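> What follows is a protein structure lacking sequence information:
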């Protein structure tokens, strides 16, 4: 009686299989990252709906001498807009990080008022530690001040941040979200955010509730 010979892959074939599998995984990862990066880039724009009366400036790193370049970009963009909108209420949102000597909100408040914005227009939300909390705590503050947050809010941040910011703002109840895209003057930070922000977008989509 003739026995059938069992097929046993040669080591070379086995290695080739795993190499192809690895290449497929890497290619899939690259494609996914490219799609996410495209979503981030697509959000790097001004988007104004009507004439919002409320502005939220999202915090960023505070250095020992004052706002970081990215934060200063946000503040200067806000200042340009506020110059022609004198009745706008502003919330500066950002807590104090472990490596910061003051809260981001306080730093932003000092910068805006130091550049001529009436201090009665600027309110501090200085407890948040991430973008979701920025919007959640800012909404609570604005409602305490008697504002209807469903009537429209203008969010100011660097362009790379705005896709995620729009998503999270709507998630906590800001139904009409306009945006101002600040530039990103600090090249190393811009490169870092190119890789970080697509991953942060996934994390926020899945976990920030």
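Arrived safely, thanks for sending. The model shown is predicted, which means the values in this text are computed figures rather than measured ones.
> Quick one, grab the pLDDT at the most centrally placed residue in the chain.
In the chain, the centroid-proximal residue (Cα atoms, centre = their mean) is residue 161; its distance is 3.1 Å. For residue 161, the pLDDT comes out at 95.
> How about residue 9?
With respect to pLDDT, residue 9 has a value of 57.
> so how far is residue 114 from the residue nearest to the centre of the chain?
24 Å (Cβ to Cβ, to the nearest Å). In this view, the C-beta of every residue, glycine as well, is placed from N, C-alpha and C.
> And the helices in this structure, which stretches?
For the chain, the helices defined by DSSP state H cover 11-42, 69-83, 104-114, 131-144, 162-171, 187-207.
> ranking the ones you listed by mean pLDDT, which is last?
Note on the helices of the chain: lowest mean pLDDT is at helix 11-42, with a mean of 80.
> can you give me the angle that one makes with helix 162-171?
70 degrees (axes from the mean of the first three to the mean of the last three Cα atoms, to 10 degrees).
> surely residue 71 meets residue 77?
No - if you go by Cβ atoms under 8 Å, residue 71 and residue 77 don't touch, sitting 10.8 Å apart.
> For these two, indicate the residue with more neighbours.
residue 71 (26 against 20; other Cβ atoms under 10 Å).
> who's in contact with the more buried one?
59, 60, 61, 62, 104, 107, 108 (Cβ atoms under 8 Å, 6 or more residues apart in numbering).
> same thing but at 6 Å, please
Residues counted as contacts of residue 71 (Cβ atoms under 6 Å, 6 or more residues apart in numbering) are residue 60.
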